[in-house]
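Enquirer: Got a predicted structure plus its sequence, pasted below:
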Amino acid sequence: MVAVDVLAEPLRSETRDLSVDWPVALYETLKAAGISHISYVPDAGHATLIELFNADPEVVTNVLTTEEEGVAIAAGSWLGGKRSVLLMQSSGVGNCINMLSLPVQARFPFLTLVTMRGEWAEFNPWQVPMGQATQAALEAIGVTVLRAETGADLVETVAQAATMAFEADQQIAVLIGQRLLGKKKW
């Protein structure tokens with residue numbers, strides 16, 4: 001994990017190496033999009049982003065026991081006038097696929113960032129089936145899927161995803177490629 005002082009002056013994008021510093025840039029992008037609430041199931045791929053949001057007194061964070069709770073919390077946040085993002089792993093998509101009918105059928109804005117497993121350098125064979133099915137499952141339920149493989153691409157993609165979700169009332173999932181996250185170390 002990267003220790004970052006969120007109260008310190010943000011790094012200038014011109015000086016930031018997005019191949020390494022993408023979590024900080026992603027945090028700033030989400031804040032600029034008006035995100036004031038995040039929900040998450042703890043995940044190493046989102047660890048730095050979670051730390052940044054947990055340290056921010058302007059943001060409400062919820063640790064979930066299951067991803068379905070995050071979909072309902074996102075709905076409640078929107079109804080309460082707040083913008084929310086759900087952070088999860090690709091295996092979590094399988095856990096909450098039925099609950100995703102809530103934002104799709106109710107047509108309220110929904111944004112989720114999904115760290116992928118079962119792809120590049122995966123060591124756990126149990127992660128492969130859902131990793132292969134994540135995009136198709138999301139699209140089948142009616143969620144628009146965007147994908148990012150580099151830090152720069154991720155920051156730009158999330159900025160556009162937030163616009164699509166919160167300005168056009170869309171349901172958007174951004175898949176974060178496993179290669180960007182790096183090989184899991186156990």
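Expert: Perfect, thanks for sending it.

Enquirer: To what extent is the nearest residue to Trp22 once chain neighbours are set aside buried, counted in neighbours?
Expert: Once flanking residues are discounted, Trp22 sits nearest to Gly151: 3.1 Å by CB to CB, 6 or more residues apart in numbering. Every C-beta, even on glycine, is put in place using the N, C-alpha and C of the backbone. Number of residues near Gly151 (other CB atoms under 10 Å) recorded here: 20.

Enquirer: Equivalent analysis for Val24, please.
Expert: The burial count for Val24: 20, using other CB under 10 Å.

Enquirer: can I assume it is in contact with Leu52?
Expert: Yes. In this structure, Val24 is within contact of Leu52 by CB atoms under 8 Å, at 6.9 Å.

Enquirer: hey, what's Ser39 bridged with?
Expert: Asn62, Leu86 (DSSP bridges).

Enquirer: report the longest helix in the protein, please.
Expert: Looking across the chain with DSSP state H, the single longest helix is helix 151-168.

Enquirer: Just checking: what are the partner strands of the next helix or strand along the chain from that one?
Expert: Next helix or strand after helix 151-168 toward the C-terminus (DSSP states H and E): strand 171-176. Take DSSP bridges as the rule and strand 171-176 pairs in its sheet with strand 110-115 (parallel), strand 144-148 (parallel).

Enquirer: for the protein, which spans come out with low pLDDT?
Expert: Applying pLDDT under 70 to the chain flags residues 1-15, 118, 122-123, 128, 182-186.

Enquirer: Strands along that one, start to end?
Expert: Assigned by DSSP state E, the chain shows strands spanning 35-40, 60-63, 83-89, 110-115, 144-148, 171-176.

Enquirer: Ok, which of these comes nearest Glu156?
Expert: Among those, strand 144-148 comes nearest to Glu156, with 8.0 Å by CB to CB.

Enquirer: The closest one relative to helix 151-168, how many degrees between them?
Expert: 160 degrees (axes from the mean of the first three to the mean of the last three CA atoms, to 10 degrees).

Enquirer: quick one: strand 144-148 to chain centroid distance?
Expert: Mean-position distance between strand 144-148 and its chain equals 11 Å (CA atoms, centre = their mean, to the nearest Å).

Enquirer: Now do the contacts for the spatially most central residue of the chain.
Expert: Geometric centre of the chain, nearest residue: Leu113, 1.9 Å, by CA atoms, centre = their mean. Applying CB atoms under 8 Å, 6 or more residues apart in numbering to Leu113 gives the contacts 46, 49, 85-88, 158, 173-174, 176.
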